[in-house]
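1. with the input below, show me the fold.
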Amino acid sequence: MNTAQLHRVPHEGLAYYRDGLVALLLDAVHQGASVGFLADIDEQQAKAYFDEVKAKLAGGEQLLWVIAQGQEVLGSVQLGLCLKPNGLNRGEVQKLLVHSDARRRGLGQQLMNALEAEARRIGRGMLFLDTEAGSGAEAFYRTLGYSKAGEIPDYACGPGGVYRATALYFKVIAKVS
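-> Coordinates of the predicted model:
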């Protein structure tokens, strides 16, 4: 049996993982994750989303990691890179997803460790993210050293169409001058 391996995925490599990423996104949304999609998301919408991700990878505005066994993607995370001259020190943690069948095995922490290491390497000293207020993700990010900056009420719809509060978190991982 193959063991799961962590990979940073360049835009040229996205095609290899695309079906696995689509399955991961569909699983997350159907499990109730508020990651920008509603419950009626279908495979075509998920594929179109990953086409957008591929373009952002190619344009240098996004980075992507997966933990996979072959083409089966067990988890993924993205780092959005601010390209504005006054924001080159920051990056946005986006869509940390772990398949419902692979949770509680440390995959989320492995993905975040890889993301943070690369962010440091490329001079992104401050990371930020948003997550559903009151969700289990809040405790997870706090254990990784992220600080809560506040909440925005009724910020985003969950998959079921109900607006929920979003919690904003940040973490300074390196001093950037």
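
2. counting neighbours, what do you get for Glu43?
-> Using other Cβ atoms under 10 Å, Glu43 has 12 neighbouring residues. All C-beta atoms are positioned from the backbone trio N, CA, C, and that covers glycine.

3. residues contacting it?
-> Counting by Cβ atoms under 8 Å, 6 or more residues apart in numbering, Glu43 makes contact with 22, 26.

4. go on, the one 10 residues further on?
-> Taking Cβ under 8 Å, 6+ apart as the criterion, Val53 is in contact with 14, 62, 64, 78.

5. for my notes, confirm the first one occurs in a strand.
-> No. Inclusion of Leu14 in a strand is not indicated when DSSP: H, G, I helix; E, B strand; the rest coil is applied; the result is helix.

6. roughly how far apart are it and Gly87?
-> 25 Å (Cβ to Cβ, to the nearest Å).

7. and these two? Which one has more around it.
-> Using other Cβ under 10 Å as the criterion, Leu14 and Gly87 rank with Leu14 on top: 19 against 12.

8. with adjacent residues omitted, what lies nearest to that one?
-> What sits nearest to Leu14 in space, not counting adjacent residues and going by Cβ to Cβ, 6 or more residues apart in numbering, is Lys54, at 4.7 Å.

9. how many neighbours does the one you found have?
-> 20.

10. can you pull the buried residues of the helix or strand hosting it?
-> Assigned by DSSP states H and E, Lys54 belongs to helix 43-58. By 16 or more other Cβ atoms under 10 Å, the buried positions in helix 43-58 come out as 46, 49-50, 53-54, 56-57.
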